[in-house]
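Here is the input, now give the coordinates:
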Amino acid sequence: MADSPAKKGRWQAVRHGARRVDEATPDSRDRAVDALRACAILGVVLGHWLVTALVAHDGGLYTASPLGRMPWLAPISWIFQTLAVFFLVGGHVATKSLASARARGLTYGQWLRARLGRLARPVLALLCLWAVVAAGLLLTGAAADTVHTLVKLALSPLWFLLVLAALTAATPLVARLHPLWPLAVVLHVDVLRFGLHLGPSWLGWANLPAGWLVPYTLGAAWTRGELDTRRAGRVLLVSGTTATVGLVCWAGYPAAMVGVPGAAISNLDPPTLAAVTFGLAQCGLALLLRDRLRRAMRRPLPWAAVATVNVSAMTIFLWHQTALMATTAATLPAGRLPGLHTAPDGPAWIAARLGWLPVFALVLTVCWGAFRSYEQGGGGRRRGPGWRVRGRRSRVVRVHRGVGRIAQAGRPGRRGRVARVGHANGAAGGEDTGAVPRVPRGHRV
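Numbering: from 1, shown residues only. Predicted coordinates for the structure are as follows:
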């Protein structure tokens, strides 16, 4: 009972901080966009933690997936493979941001450098750390196969960022491209690969940019106002679901929407037509949920949580596999722990893995605290009206940094600098609203 007043005070501080973040956010900001992005990032993270196993065997580690032994778990991938939603949001935000930058007199080069810079900084931090870790493991006698497994898993998120960077650079070219064009490319590639068995072995990789260009161009169509009606969302949801069911049931595509080690065909590596049609269904559902998300995000606490994820989206995405591996390696001296070092061969493994998720989240929080500054940057200069080209934190970051202090339940009333929202370009493609409200001086959110 003695702790009750302290707990009550911390909870009040959390609520107060959330209200300050809510008040600092301009009314013009579409909070549904941020909510969709947060859901997409967290879906990928949880999906990887659930279907990635590092099995200890003969003094080494190798990767396995519960989907290989338990194919009935395929619906998990339908829930947590949310990359299409991220590219939908990315296309919407990038085209809107580019139009805003041009309206302020900025060049394409200035706009692109700012956006790609926010992707590059956290990536460099990840690469540097894992170069040191890999070298240390090899020097201490770790098996080369184990080091390869760990490094490959740690760097696996980078393929996504390469595609995102390429599509971002191509935004002026694809801003008015109809989604049916890249969809037609994916269709023809798969007909050649799986129907006619023609073409070189690398042909399927043409689907990597084309497949993710489909939701990206849908995001551009959203910016143009072509997807504002609920009918558009229903058409995408129904047609995408119908096509995916048909491809899985009658065309031989896997039911799992992620790669499964040892499987003859992967829906994701590279993307297949089934993965793209599944993405269309996801985009349709996301569009239908916009109004509900906007209503939910009017409440300060949910909005503060979403803001926290958005401002650290790349840090969370890049380091979540490292959190899994750090937990696995640190507990190896304790023996083969169920759900962590054992083969994913039954429901007992699933139950044990669910128990490890809070541990992964705790380790990821440590990584977030250590590396989030690389995503948010520091030091820099202005170029052009109201545009921070390099290093300097975007104003949305300066507001949302306060959300991180909510978790620490800091006392209200402590002095802090003015927090402002506007010209937002978070590392994960933050929306550029242009509105600049202020949080009063003398208060830290």
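
what packs against the biggest helix by length in the chain?
Counting by DSSP state H, the longest helix found in the chain is helix 108-139. The contact analysis (3 or more Cβ pairs under 8 Å, 6 or more residues apart in numbering; DSSP states H and E) places helix 108-139 against helix 83-103, helix 144-155, helix 158-169, helix 313-330, helix 347-376. No exception for glycine: its C-beta is placed from N, CA and C like everyone else's.

Of all the residues in that helix, which ones are buried?
Burial within helix 108-139, assessed by neighbour count using 16 or more other Cβ atoms under 10 Å, is assigned to 110-112, 114-115, 117-119, 121-123, 125-126, 129-130, 133-134, 137.

Stretch 351-360 now?
Residues of stretch 351-360 classed as buried by neighbour count (16+ other Cβ under 10 Å): 353, 356, 360.

correct me, but the second one touches residue 338?
No - taking contact to mean Cβ atoms under 8 Å, the distance of 9.3 Å between residue 356 and residue 338 leaves them out of contact.

Quick one: work out the angle between the longest helix of the chain and helix 144-155.
Following axes from the mean of the first three to the mean of the last three Cα atoms, to 10 degrees, one obtains 150 degrees for the angle between helix 108-139 and helix 144-155.

and helix 108-139, how far from the chain's centre?
16 Å (Cα atoms, centre = their mean, to the nearest Å).

and which of the buried residues of stretch 351-360 is nearest residue 216?
Relative to residue 216, the closest of those is residue 360; by Cβ to Cβ it sits at 29.6 Å.

show me the residues around the closest one that make contact.
49, 320, 323-324, 327 (Cβ atoms under 8 Å, 6 or more residues apart in numbering).

among those, which two are most distant?
By the measure Cβ to Cβ, 320 and 327 form the most distant pair in these, at 11.1 Å.

Look at these two and report which has more neighbours.
More neighbours surround residue 320 than the other of residue 320 and residue 327, with 25 against 19 (other Cβ atoms under 10 Å).

Hmm, residue 45 and the more buried one touching each other?
Yes - Residue 320 is within contact range of residue 45, at 4.4 Å (criterion: Cβ under 8 Å).

what residues do these two have in common as contacts?
Contact with both residue 320 and residue 45 is made by residues residue 364, according to Cβ under 8 Å, 6+ apart.

returning to that earlier point: let me know the closest of the contacts of residue 360 to residue 41.
Closest to residue 41, out of all of the contacts of residue 360 and judged by Cβ to Cβ, is residue 320, at 9.1 Å.

Any regions of this protein where pLDDT drops low?
1-3, 377-445 (pLDDT under 70).

mind redoing it with 50?
1, 379-401, 407-445 (pLDDT under 50).

sorry, back to before: any chance of the helices and strands packed on helix 108-139 in CSV, with distance to residue 22 too?
What follows is these, written out as CSV (distance: least, Cβ to Cβ, whole Å):
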stretch, distance to residue 22
helix 83-103, 21
helix 144-155, 36
helix 158-169, 29
helix 313-330, 19
helix 347-376, 20
